[in-house]
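# Quick one, what's the 3D model for this:
(2 chains)
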2 protein chains.
Amino acid sequence: MYFDKAEVLERSELEKLQVERLKKTIDLAANSPYYSESFKKNNINSSVIKTIDDVKRLPFTTKDDLRSQYPHGLLTKPLDEFVRLHASSGTTGTPTAVFYTQKDLDTWADLMARSLYAVGVRRSDILQNMSGYGLFTGGLGIHYGSERLGCLTIPAGAGNTKRQIKLIRDFNVTALHIIPSFALYFAGKVREEGYDPADMPWKIALIGAEPHTEYTRQKIEEELHIKAYNSYGLTEMNGPGVAFECTEQSGMHVWEDSYIAEIIDPETGESVPDGEIGELVMTTLTREGMPIIRYRTRDLTRFIPGQCKCGRTSKRIDRIVGRADDMLIIKGVNIYPMQIENIIMAMPEVGQNYLIELFREGFIDQIKVKVEIKDQYFVEDMRALQGLQKKIANKLRDEILVTPRVELVQHDSIPKSDGKAKRVLDLREVEA
Amino acid sequence: MYFDKAEVLERSELEKLQVERLKKTIDLAANSPYYSESFKKNNINSSVIKTIDDVKRLPFTTKDDLRSQYPHGLLTKPLDEFVRLHASSGTTGTPTAVFYTQKDLDTWADLMARSLYAVGVRRSDILQNMSGYGLFTGGLGIHYGSERLGCLTIPAGAGNTKRQIKLIRDFNVTALHIIPSFALYFAGKVREEGYDPADMPWKIALIGAEPHTEYTRQKIEEELHIKAYNSYGLTEMNGPGVAFECTEQSGMHVWEDSYIAEIIDPETGESVPDGEIGELVMTTLTREGMPIIRYRTRDLTRFIPGQCKCGRTSKRIDRIVGRADDMLIIKGVNIYPMQIENIIMAMPEVGQNYLIELFREGFIDQIKVKVEIKDQYFVEDMRALQGLQKKIANKLRDEILVTPRVELVQHDSIPKSDGKAKRVLDLREVEA
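Now for the predicted structure:
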């Protein structure tokens, strides 16, 4: 069951399509001031692309490149060919602006419709869009996709919880688009209003827009009595609808007929093997107005090896586990704090907080993870505690490939500043 | 210069088109539970319509009817044919919900594009949509129209004044959609940020969404150095784009190929002569999913007699002068407080407040208008004050057809409650 046959192309066919579209994208991009210069400097044109692997011959584009080209440097067409502008929030410094032609909006709406379809949304569904609209791509992105799929779309926007509940009940809303950090708060509000989430008409929640853990997803599913689906997108690549889970909930399918995804070592820029974590790099294949080539997203994830049971042939990426800027290097291994968080927060014994400490013993970097344990597990029985300690250390070693020391501490014993716990304490410089 | 030739149809052609579409609308409406029953009860079908005047044979639809049919009673098609829902704010009681098919959204976007074109917006313009999105029809209405026209559309949404200014300057925004009550505040903020509005790139402001006076428009035009255009719309009739000014700024053209507009006496339900104020009654002609027939808008306006210089042949309505519920009857004449406000607030001598007092002398109703005068006009010279008093009385008589008593009072002498002045004090019951 798929929305577009591009989702189930044989790998060889898909790559042929990608090569063709990449060449076209390079030709288009050459019409923009930025890429015209960059290609000239790097002696690039579309003829360098013979196989999909040749994408690696193209230079990266960074956030700083986009900023330096603000506002119009990446446009391939005169300004009056464009009908939409979105911009990153840009609270610090120059924002990033993305421009869309009507064709680009149509392509994006199609990708969004396909994404919704992949998690089981159908035209008979009634979708309440509970995210803010405006310059944020999440609101209008889901909105256009939902209408394109033919769902009855309720543009509720953010906030006004009571009214959201009334709309959901009055119109038998079956699908929600809701920000993960709002979803758990919302579940509480629903109960406060006297309703049992199990009795609500909803079935499907789209909870992309913010990186979150598997634990958070499960919590949302339990609290709201709903199936919750993760997705990946960013303004620079249109917005949501770059990669979307399917009903298998085992990774997010990259819509590879529209995007080339690579995962690289953020230090070396070289591809990492499938299954290893690195920085996601994205290239648009179907954007005419403002193509972007090898964009360094700074987002960390990995390709999930193997094929999805759903039958889609596209590569899947795992949840985002952090930002490239958060990367720690311990004993020559790249480690991301979110990897550690994902493991320990999924354990029932673990409380609210943890702290990663990096220190040096002789010339060797060491990593210690302090973990707050829930009161009921913080027992007198030394052996039980040692068992737990060992369990945590082993689970972490399986994930980060380095064996950390684990220290179990009592609830509320890790200091907080501004109500927010510090996650990483690097003592290596201090001691050196 | 027009966007659609429907705007300049000969009257006879237009009415032929209206009759044809009205008959079709009745046939469609008969598929909805509400109209099916209403037509049966009133023995109505499309064959009763021979000329456009026969619209008067159809029963009215009121806000209460819509509420009683909430949520689905007016739908002509199965729910899965609909792709959008908007709802009135409904802070009290049941909200009003309006459903749109994809075809309805397309029709609405076309009407909005036509509306923008009428005030001089072209595809080369860059339009910043500074109103909230969501269930409110103003945001998405203007958004879809602007994209349809081919403008670069910036979905800025409401709020964040600094950022609005940055976007306007960075992207050379030429057209704004801005709520009138926000526009004057915004002008002040622009100056606070150190910019002269005269140096800003904007040319055109769409300031519908809230009834406002000609004085407010002029003030906005002066303060922002912009041409500001009024429009009329309501959720029940899709949203904005029901009637729009043209560059002549002399009344709002009703898009009569899509709507039949009537103006009636709210007491008797009979049409009032052209030029007289009454309640606007609207019928959809191009809505397939949820046609509404002879909707009592409760909004008060009049048809402006004669033809517009712009060449469009459609009837024009004047600014909304209030709500039917505000109507006062004095000496058998219908009077609306906003008529009085419009006259006196346009006079340079008049300050912030006024009060309309109704009382009885013998069996005759009388109207007195207390008017606060600015300090510099509140002079010792009795003759000057009497002259001003007479001037105000005459101007009011020309507007409301009854000669009111006028009392000039000093600045701040009219009592306020909750910071808001009471506008009408009816002493007739008390004294009777």
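# rest of the way, CA atoms for contacts and neighbours
Noted.
# What segments of chain A are helices?
Counting by DSSP state H, one finds helices in chain A at the ranges A:11-29, A:33-42, A:63-68, A:102-118, A:137-149, A:161-170, A:180-192, A:214-224, A:337-345, A:382-400, A:428-431.
# Let me see the contact set for the closest residue in space to A:D325 that isn't next to it in sequence.
With Cα to Cα, 6 or more residues apart in numbering or on different chains as the criterion, A:D325 has its nearest non-adjacent residue at 7.1 Å, and that residue is A:R298. For A:R298, the contacting residues are A:266, A:279-281, A:323-325, by Cα atoms under 8 Å, 6 or more residues apart in numbering or on different chains.
# Give me the below-cutoff pLDDT ranges for chain A.
Within chain A, the segments meeting pLDDT under 70 span A:89-93, A:416-421, A:429-432.
# one more time with 50
Applying pLDDT under 50 to chain A picks out residues A:91, A:431-432.
# Domain ranges for it, per the record?
Domain segmentation of chain A under automatic domain parsing yields A:1-326, A:328-431.
# okay, those domains in JSON lines with distance to B:T213 next?
Converted to JSON lines, the domains of chain A look like this (distance: least, Cα to Cα, whole Å):
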{"stretch": "domain A:1-326", "distance to B:T213": "29"}
{"stretch": "domain A:328-431", "distance to B:T213": "49"}
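# Please identify the deepest-packed of these.
Most buried of these by mean neighbour count (mean count of other Cα atoms under 10 Å in any protein chain shown) is domain A:1-326; its value is a mean of 20.
# How far off centre is it?
Mean-position distance between domain A:1-326 and its chain equals 8 Å (Cα atoms, centre = their mean, to the nearest Å).
# before we move on, the earlier item: closest one to B:L74 among the helices of chain A?
Among the helices of chain A, helix A:161-170 comes nearest to B:L74, with 15.3 Å by Cα to Cα.
# could you say what helices and strands the closest one packs with?
With contacts taken as 3 or more Cα pairs under 8 Å, 6 or more residues apart in numbering or on different chains; DSSP states H and E, helix A:161-170 sits against helix A:180-192.
# just checking, what packs against the helix it packs on?
Judged by 3+ Cα pairs under 8 Å, 6+ apart, helix A:180-192 is in contact with helix A:161-170, helix A:214-224.
# and the angle from that helix to helix A:161-170?
80 degrees (axes from the mean of the first three to the mean of the last three Cα atoms, to 10 degrees).
# List the contacts of helix A:180-192.
The contact list for helix A:180-192, computed with Cα under 8 Å, 6+ apart, reads A:161, A:165, A:196-197, A:207-210, A:212, A:216-217, A:219-220, A:223-224.
# list the contacts for the closest residue to A:A346 other than its chain neighbours?
Sequence neighbours aside, A:Y215 is the residue nearest to A:A346 in space, at 5.5 Å (criterion: Cα to Cα, 6+ apart). By Cα under 8 Å, 6+ apart, the contact set of A:Y215 is A:342, A:345-346.
# A:S314 now?
By Cα under 8 Å, 6+ apart, the contact set of A:S314 is A:7-8, A:11, A:253-256.
# Likewise for A:N353?
A:N353 touches A:371-372, A:412, A:414, A:421, counting by Cα under 8 Å, 6+ apart.
# B:L127 versus the residue in the stretch 1-150 of chain A that chain B sits nearest to, what's the distance?
The minimum distance from the stretch 1-150 of chain A to chain B, using Cα to the nearest Cα, falls at A:V83 (3.8 Å). Distance, A:V83 to B:L127, by Cα to Cα, to the nearest Å: 9 Å.
# go on, A:T403?
Note on A:T403: its distance to B:L127, by Cα to Cα, is 57 Å.
# follow-up on the earlier one: ok now do the closest residue to the residue of the stretch 1-150 of chain A closest to chain B other than its chain neighbours, which residues does it touch?
Using Cα to Cα, 6+ apart and skipping residues adjacent in sequence, the residue nearest A:V83 is B:L152, 3.8 Å away. By Cα under 8 Å, 6+ apart, the contact set of B:L152 is A:79-85, B:123-127, B:146.
# and B:L152, bridged to which residues?
B:L152 forms beta bridges with B:I126, as assigned by DSSP bridges.
# ok, which residues in chain A are in contact with chain B?
By Cα under 8 Å from any Cα of the partner chain, the residues of chain A that approach chain B are A:71, A:79-86, A:102, A:123-125, A:132-135, A:146-147, A:150-157, A:170-171.
# Just the C-alphas of the top strand by length along chain A, formatted as PDB.
Using DSSP state E to define each element, chain A has its longest strand at strand A:350-361. Extracted in PDB, the C-alpha atoms of strand A:350-361 (Å, rounded to 0.1, in the frame of the first residue of the first chain):
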ATOM      1  CA  VAL A 350      15.900   5.500  35.800                       C
ATOM      2  CA  GLY A 351      14.500   8.800  37.100                       C
ATOM      3  CA  GLN A 352      14.600  12.300  35.600                       C
ATOM      4  CA  ASN A 353      18.200  13.200  35.300                       C
ATOM      5  CA  TYR A 354      21.600  12.000  34.300                       C
ATOM      6  CA  LEU A 355      25.100  13.600  33.900                       C
ATOM      7  CA  ILE A 356      27.800  12.600  31.500                       C
ATOM      8  CA  GLU A 357      31.300  13.300  32.900                       C
ATOM      9  CA  LEU A 358      34.400  13.300  30.800                       C
ATOM     10  CA  PHE A 359      37.700  13.100  32.500                       C
ATOM     11  CA  ARG A 360      41.300  11.900  31.900                       C
ATOM     12  CA  GLU A 361      43.200   9.100  33.600                       C
END
